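Trainee: Sequence and computational prediction follow.
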Amino acid sequence: MQAEEEEAPLSALYGAAIGDLARETGLDPEHVKALYERELAQLEANAKVRGFLPVLASRKVRMVLRRMSDGAN
């Protein structure tokens, strides 16, 4: 099953998290997806346990988006 997950497109695996972040922030889902992909790749680079990576990636993206919106105000 893990091999299937690795071959599936990112949007199929993490689409709900990306969609939730886009709705919360009111930003374009493609922009959020790019941020999510970057954060997930950085986390995966050194991860020994991968089960929580989607949660950690969502949290980091949410923090980045909040900082961006605070800077725009």
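Mentor: Good, I have the coordinates. Numbering: from 1, shown residues only.

Trainee: what separates the residue most central in space within the chain from T25, distance-wise?
Mentor: Of all residues in the chain, the one closest to the mean position by CA atoms, centre = their mean is Y36, 2.7 Å from it. Plainly put, Y36 is 12 Å away from T25 if you go by CB to CB, to the nearest Å. Quick note: C-beta positions are derived from backbone N, CA and C, even for glycine.

Trainee: how about low-confidence regions in the protein?
Mentor: Applying pLDDT under 70 to the chain flags residues 1-11, 72-73.

Trainee: Please enumerate the helices of it.
Mentor: With DSSP state H as the criterion, the chain has helices at 2-7, 10-25, 29-46, 53-72.

Trainee: Pull the distance from the last one to the chain's centre.
Mentor: Okay, so that is helix 53-72. 9 Å (CA atoms, centre = their mean, to the nearest Å).

Trainee: Tally up the residues packed near P54, please.
Mentor: Residues near P54, counting by other CB atoms under 10 Å, number 17.

Trainee: And A17, by the same measure?
Mentor: Neighbours of A17 (other CB under 10 Å): 19.

Trainee: Might you report the residue contacts of the closest residue to it other than its chain neighbours?
Mentor: Using CB to CB, 6 or more residues apart in numbering and skipping the chain neighbours, the partner closest in space to A17 is S58 (4.8 Å). Neighbouring residues of S58 by CB atoms under 8 Å, 6 or more residues apart in numbering: A17, D20, L21, Y36.

Trainee: Mind picking the one among those that's closest to F52?
Mentor: A17 (12.3 Å; CB to CB).

Trainee: gap between the closest one and E30?
Mentor: 15 Å.

Trainee: cool, L65 as well?
Mentor: Taking CB to CB, one finds L65 at 14 Å from E30.
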